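Asker: Kindly return the folded structure for what I paste below:
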Amino acid sequence: MRIDNFVYLVGGRLQNAPSISSFTQIRFESNKVKRGDLFIALDPNSIQEAITQGAYAILFEGDLPIYDPEIAWIRVKNLKEAAKRLFRYLLIQLETKLFVLEEVAFDLAKDSILDTRVLFSSGSPLEDLKKIVERSYQYVIFKEGDYFSSLALDGQKIEYQHYQIVTPYLFETSFIYMNRYFERAQVPPFLLPKLLPALSIALLEQLEIQPVSKNHFYPIFLDQHFDVVEFGKSDRVLITEPKLYQESRSFLQKKAHWAKILYLSDQKIEGFRECASIEELKEILYNEDFQFALFVGKEFDPAILSKRKNQRTLF
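Answerer: Numbers count the residues shown, from 1 in each chain. Here you go, the predicted model:
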């Protein structure tokens, strides 16, 4: 790309009169820079290495000394805003299809759509730009509330169809959608409406999909030592949920009314016992009888619940 075109594109200012007029690739990591590349200097301390590697241009924010006047030094007020402008340009050039989903639908889509042609936005324009520069994507899915609106681009309209539940289970559902049968998908029945965007996108665009919920109402099966075991291999289950506490509680009360259920949270929520720390959570789980424990809170590594890690030995 020509330097003057790039400067205009990112809303920057050329700080010198370089001897070069164009560059080949965009790089974010100084050790990956090749001769003729433009280097985006997230860390000013890595600029010297990028120049040594053969960078033809440096994109930076703030005030930096120009210690190689032969290459282009392009200053912007804010690298994040420059990344948005560049990302927008690349999306248009690649004719990428864009979708915007609300938070839970986004989480389910990210868990379920396995196709490598899809980029799920990280919420950071710099991170997204880095990924799309490294490889082209045919689809980008944004989470509602992210920076998508500032790109001034239109998202694809998603059309939903009626789904038919064949067999509902507690943590799985067999169902039919758009004439395709999904057998024992690891998604609880009450989350199916939130899964429809992912299903519609995948089936209409012929993307690889395997419906699963890893971030919402996620069951962790625990043995007597509180070690994690395979799905369905224990009758003691910890269910983690970050935000859908009312929906999850209601579903569990309805579908498992026969069971001993604990309702726990790392914050104050009516109807839930507060566990301010993992140690408090362990204390309750270790000392109370339960079949299901619904925990509403931040994600954690379930391996830390293991009693074996707390046992002392002589060796």
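Asker: so where's this protein shaky on pLDDT?
Answerer: By pLDDT under 70, the low-scoring segments of the chain are 309-315.
Asker: Where does the spatially most central residue of it sit: helix, strand or coil?
Answerer: Nearest to the geometric centre of the chain sits Ser122, at 5.5 Å (CA atoms, centre = their mean). Secondary structure for Ser122, judged by DSSP: H, G, I helix; E, B strand; the rest coil, is coil.
Asker: Pull the contacting residues for it.
Answerer: Contacts were defined as CB atoms under 8 Å, 6 or more residues apart in numbering; by that measure Ser122 touches 128, 131. (Glycine included, C-beta is placed from N, CA and C.)
Asker: again, only using 7 Å
Answerer: Each residue near Ser122 by CB atoms under 7 Å, 6 or more residues apart in numbering is listed here: Asp128.
Asker: count of residues packed around Leu207?
Answerer: Other residues near Leu207 number 18, with proximity taken as other CB atoms under 10 Å.
Asker: Kindly apply the preceding question to Phe60 instead.
Answerer: Counted with other CB under 10 Å, Phe60 comes out at 21.
Asker: same check, this time on His225
Answerer: His225 is flanked by 12 other residues according to other CB under 10 Å.
Asker: can you give me phi and psi for it?
Answerer: His225 adopts backbone torsions of phi -90, psi 0, taken as degrees, to the nearest 10.
Asker: And for it, nearest residue in space, chain neighbours not counted?
Answerer: Lys307 (4.8 Å; CB to CB, 6 or more residues apart in numbering).
Asker: And stretch 54-74, what's buried?
Answerer: Going by neighbour count (16 or more other CB atoms under 10 Å), the buried part of stretch 54-74 is 55-61, 68, 71-74.
Asker: can you check stretch 9-20 too?
Answerer: 10, 12, 15, 18.
Asker: ok, Glu64 - contacts?
Answerer: No Glu there; residue 64 is Leu. Pro44.
Asker: State the helix or strand in which it lies.
Answerer: Using DSSP states H and E, Leu64 maps to neither a helix nor a strand.
Asker: Return the distance of it relative to Lys260.
Answerer: Leu64 sits 63 Å away from Lys260, going by CB to CB, to the nearest Å.
Asker: again with His225
Answerer: 19 Å.
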